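1. coords please:
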Amino acid sequence: LVEIFLAYNPCSKLSIPTPPDFSESSFRCLDFKKADFSLINKMLSRIDWDLLTEECNVEEFPELFTLTLLQVCEIYCPKKVPPKTCASSSVQIASRKKRKIQLQLQEAIEASHCPKARIESLKRKLALAHADIRDAICSDLLHREQQAVEKVKSNP
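-> Numbering: from 1, shown residues only. Got it, this is the predicted structure:
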């Protein structure tokens, strides 16, 4: 029953999205909301695409096209600024704690000599970890909402 609960519980698959890696050169690290598209279009229209297709074979052209487009975009798109966050948010900490308890519970279930009291204790800890994650997410959303309200109030 516990295995079924863990397998089909939507909270057990909660994952925290990671921000893009701002150190490497890629389209993900460019801020297209602030891009100068007229200059990008002008630069792209100046590229001799026929010459580029002659310089490489059909298999290599998609990579050449992507790199050329990336170079142009890097000139006229500012890079995204990494978000200013603490090393570990409360949601991430609670998620790691929940995962650790899940592993302990799984080991306890698989071990045939584990007492039922230990399994029940781990089930209670897992339920509390779910509640901690829910509370951390709510707290984080409330904090962000308060920041947005303060920003709106300070901007007349």
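2. wait, isn't Ile109 in contact with Ile119?
-> Yes: with contacts counted by Cβ atoms under 8 Å, Ile109 reaches Ile119, the gap being 6.5 Å. For glycine as for every other residue, the C-beta is placed from the backbone atoms N, C-alpha and C.
3. So which other helices or strands are in contact with the longest helix seen in the chain?
-> Assignment by DSSP state H gives helix 116-154 as the longest helix of the chain. Counting contacts by 3 or more Cβ pairs under 8 Å, 6 or more residues apart in numbering; DSSP states H and E, helix 116-154 packs against helix 90-110.
4. Which strands and helices lie in contact with the helix it packs on?
-> Checking 3+ Cβ pairs under 8 Å, 6+ apart, helix 90-110 ends up next to helix 2-8, helix 116-154.
5. which regions of the chain sit below the pLDDT cut-off?
-> 1-24, 82-88, 112, 156 (pLDDT under 70).
6. again, only this time at 50
-> 1-6, 9-17, 20, 87 (pLDDT under 50).
7. what's the spacing between Ile109 and Lys33?
-> 49 Å (Cβ to Cβ, to the nearest Å).
8. These two: which is more packed in?
-> Ile109 (14 against 8; other Cβ atoms under 10 Å).
9. Next, find the distance separating the more buried one from Leu67.
-> For Ile109, the distance to Leu67 - Cβ to Cβ - is 51 Å.
10. how about Asp36, what does it touch?
-> Tyr76, Cys77 (Cβ atoms under 8 Å, 6 or more residues apart in numbering).
11. Phi first, then psi, for it.
-> phi -100, psi 90 (degrees, to the nearest 10).
12. Ok, Leu30 next?
-> phi -100, psi 140.
13. And for it, the neighbour number?
-> Neighbours of Leu30 using other Cβ under 10 Å come to 19.
14. phi, psi of Lys79?
-> Per degrees, to the nearest 10, the backbone of Lys79 is at phi -80, psi 150.
15. Hmm, it is touching Leu30, no?
-> Yes: at 6.3 Å, Lys79 and Leu30 qualify as touching, with contact defined as Cβ under 8 Å.
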